[in-house]
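Student: Below are the sequence and a predicted model for it; my questions follow.
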Amino acid sequence: MARRTQNQNNQMNHGNQIPQRVENAAQSMMNQASFGPRRGYIPSQDTGRTLPPQGGWQQTGQQAPAQGGWQQTGQQAPVQGGWNPQQAYYTGQNPVNGGQRGFITNQNGKEQKKQPKKHTGLIVFTVILILGVIGAGGYFAGSNYLRNKEISEKVEPYDGLFCPGVYVDGIHLGGMTPEQALNSVQSQIQQRHDSWKVTLMYNGEQAAEIDADMLSFSVDPRSTLNEAWAQGHTGTQEERYEAMLRLEQEPFAAYTAQPAGNTQVIDEKLAQIKAAIDRPATNSQLIAFDPSLPYPFDISDEEYGYSLDTEPVKQRLYQMVSTMESGMVELVPDRIEPAVRKADLMRQYMLRSYASTPIDRHSTEDRNNNIRHAFDYINGYQLEPGKTFSFNNVVGERTQENGFFPAIEYVYGEHVEGYGGGVCQASTTLYQAAVCAGLQIIKREPHSDKVSYTDLGKDATVYWYGKRRIDLSFKNNTEGTIYIVAAVQSDKTNKKRLNATVAIYGLDMGDVSYKLESEITQTLPAPFSPVYKKDMNGTYVTYKDQQKSVTPAKEGYVVDCYLVEYTAGVQTNRKLIHTDRYDEKAEVIYVGVKSR
C-alpha cells in the first residue's frame, strides 16, 4: 500500500468529519476482526508486552502520537479533519520488533513464508456498510436538528406574544402581549363609542338615528381576544409553526362580540320603522261602471306592497356597534308584486262592439224621447256570463204610466200613433251591437216593412200590446261580464242630427271583430190591386164618398244577412245568420163610413 503523509490524512479527514460514535464503532470492529495476536504487530519475546508498529495504527496502553493514520488508544485522541474508510492504513516502514502487514520476519531479519489472509474482504465490506448506515443516520439526525431549530426560532419568540397576522377590530395584534392587546382594543372601543352614530335612511330621508348613549352598552373583548390568542398558540410546536405559516397567507380577523347593552332599542326602532314602511300590495280593481264617461270604467291603479326584513338590518347594526363603525344604513324593503295589474284588468273591460243608427230629421221630439227612455233602462246594464238579456223584460211595457210618449210606429205594416213609437230604433241598434259583440242571439224578428234608419236584414222589431209580444233577446256566451252603454247622441259631423248609439264592453276580443252584411236575394213585385179599408174612426176620411190612399204599393224582398268575421283587419269568415222576407204591399186606401 502506498504511503500517505500526515498532511494528506489531515486533508482527507478535514473534508469527511465523522462523529465520535462512528470512530468508536469502527475501532471496536477492527479490534475484533481476528483471533489471536493483533494484526499488524507481534508480541515481544523478551518482555511479553506489545510493541507498537512503526508508522502504522497502534494499539497501546497509552496513546502515542498518530504517525500517518488514526490511532485508537485507551484515551481517544482528537479527530483531525474527519475520517473515511480509505484513511485506515499502515505506513511502509518495517516495524520494529513487530511484523509487516501480510508477513512477519524472524529475529535474523529474514523473510518468512507469507501466511494466508483471513477474512480481509468481509471485514472491509462490513466496516463500509456500518459506516454508511451510521452516516445516513447522522444525515437525518442533522436534518431534524435543523428543522427543529427553524421551528423553535419562529415559534418561541411568540410564546408570550400574539402571532403576526392576527387582527381584532382592525387592529394588528402581532407582537403584542395580552395586556397590550387588551389595552389597544379597549382604547379604540372607547374612542369610537364617544363618536359612534348610525343614521337609518329610507327613500332619501332620515327614518331614525341611533347613538351609543341610547344603547348604554359596554363591550367585553376578552372572548374575542381569547379566540385571537389561540391562533398560533394551540398544539405542539410544529402545529403552532404550521398555524403561523397559514397566518402569513390568510390573516385572522375578528370583531369584538355583540355589545352587552340595551339592544332592545335597536329592535324597537326597527319595529317602528317596519310598521311605517310595510304595506300589502293593492290589486287594481274596478271601482265603478259609469256609462257617462268616455271610457265608462273607473279602474284603480295597482300599488306595490313593501315589507322590510329587519333581521339583516339588525345584524348590520350589531356589527357596526361591535366595530364602532359610524355611518348610514339604507333601508331597502322587499317589493311585493300585486296579483292584478291595471293593464291586465282593463282587458276585462274592452270595447267589443259599437253600433249607431241615425234618427230621421223628421222624427218628432216625442219619438226621440221614447228612444231615450228605452235607453235609460238599457244604459249601464250588466249581463253576467250565461245570462240572457230580454228587451221587453228590461224596458217594460210601453205605456204612458211607464213614461213613454205617443208617436208614430209601425203596426202590421202601417204607420199608426201609439205609446212608445221609436222604441224599435232602440232595439235595432242594440241588436246590431249585440251580434257584432259575438253574443248569442236568442230571439229577433224583422219589421214588416223597410225602416229608415238601417238596411234590410239588420233591423229588430219589438212589440208589447196585450198578449201579443215580440221580443229581442240574446245570451252572454262569454266568460266575462257584458256592460252596455246606450244613449242618444249628437252626430259628430253634424250637431243638428241625432244618432242612437250602443256600445258593448266585456272581455277583450283581441284582433277579432265582426260586421253585419245583408244582401237582397229576391225582389217581390208590388200588387196592382189596392186594398180598401173602412175608416171607422174617421182618422183619414168621414163620408162614404171620400177615399184616402194611406200606404202606397210596395215591392217585397228576400234578404240574407251575414256575420263577417275579421282577424287583424282581414276577413276570415262569413256566416249566414238569417234570411228575412219583407212581403210586398198593396196600396192601402181608406174609405169613409158615414152618409152625407
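Tutor: Yep, that arrived.

Student: Helices of the stretch 101-250 of the chain, residue ranges please.
Tutor: For the stretch 101-250 of the chain, the helices defined by DSSP state H, counting those that start in this stretch cover 120-155, 178-195, 212-215, 222-229, 237-249.

Student: oh sorry, the question was meant for the chain
Tutor: Per DSSP state H, the chain carries helices over the ranges 6-15, 20-31, 120-155, 178-195, 212-215, 222-229, 237-249, 264-277, 310-322, 342-345, 365-378, 391-395, 423-436.

Student: Tell me where the model's unsure across this structure.
Tutor: Within the chain, the segments meeting pLDDT under 70 span 1-121, 124, 127, 131-141, 217-219, 257-262, 322-323, 410-416.

Student: any idea how it splits into domains?
Tutor: 1-156, 159-348, 349-510, 511-596 (automatic domain parsing).

Student: which of those domains sits most buried?
Tutor: Most buried of the domains of the chain, by mean neighbour count (mean count of other Cβ atoms under 10 Å): domain 349-510, with a mean of 18. No exception for glycine: its C-beta is placed from N, CA and C like everyone else's.

Student: Kindly check the end-to-end length of that domain for me.
Tutor: This stretch, domain 349-510, spans 12 Å end to end (Cα to Cα, to the nearest Å).

Student: Tell me how far residue 488 lies from residue 324.
Tutor: 79 Å (Cβ to Cβ, to the nearest Å).

Student: Likewise for residue 553?
Tutor: 109 Å.

Student: And for residue 281?
Tutor: Using Cβ to Cβ, one gets 39 Å for the distance from residue 281 to residue 324.

Student: same deal with residue 348?
Tutor: 58 Å.

Student: again, but for residue 429
Tutor: 80 Å.

Student: on that earlier part again, any chance of the helices of the stretch 101-250 of the chain in a markdown table, with distance to residue 589 too?
Tutor: Compiled in a markdown table, the helices of the stretch 101-250 of the chain are given as follows (distance: least, Cβ to Cβ, whole Å):
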| stretch | distance to residue 589 |
| --- | --- |
| helix 120-155 | 135 |
| helix 178-195 | 113 |
| helix 212-215 | 107 |
| helix 222-229 | 119 |
| helix 237-249 | 121 |
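
Student: Mind checking the ones you listed for the one nearest to residue 443?
Tutor: Comparing the helices of the stretch 101-250 of the chain against residue 443 with Cβ to Cβ, the closest turns out to be helix 212-215 (78.7 Å).

Student: Which neighbouring elements make contact with the closest one?
Tutor: helix 264-277 (3 or more Cβ pairs under 8 Å, 6 or more residues apart in numbering; DSSP states H and E).

Student: quick one: the helix it packs on to helix 310-322, angle?
Tutor: Helix 264-277 runs at 140 degrees relative to helix 310-322, counting by axes from the mean of the first three to the mean of the last three Cα atoms, to 10 degrees.

Student: what about the helices of the stretch 101-250 of the chain, which gets the closest to residue 440?
Tutor: helix 212-215 (71.6 Å).

Student: Now do the closest one: distance to the chain's middle.
Tutor: On the basis of Cα atoms, centre = their mean, to the nearest Å, helix 212-215 sits 38 Å off its chain's mean C-alpha point.

Student: Output that helix in CSV with nothing but the alpha carbons.
Tutor: What follows is helix 212-215 as a C-alpha-only set of coordinates in CSV (Å, rounded to 0.1, in the frame of the first residue of the first chain):
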residue,chain,number,x,y,z
ALA,A,212,-74.1,54.9,21.7
ASP,A,213,-75.8,56.7,24.6
MET,A,214,-79.1,55.3,23.5
LEU,A,215,-77.8,51.8,23.7
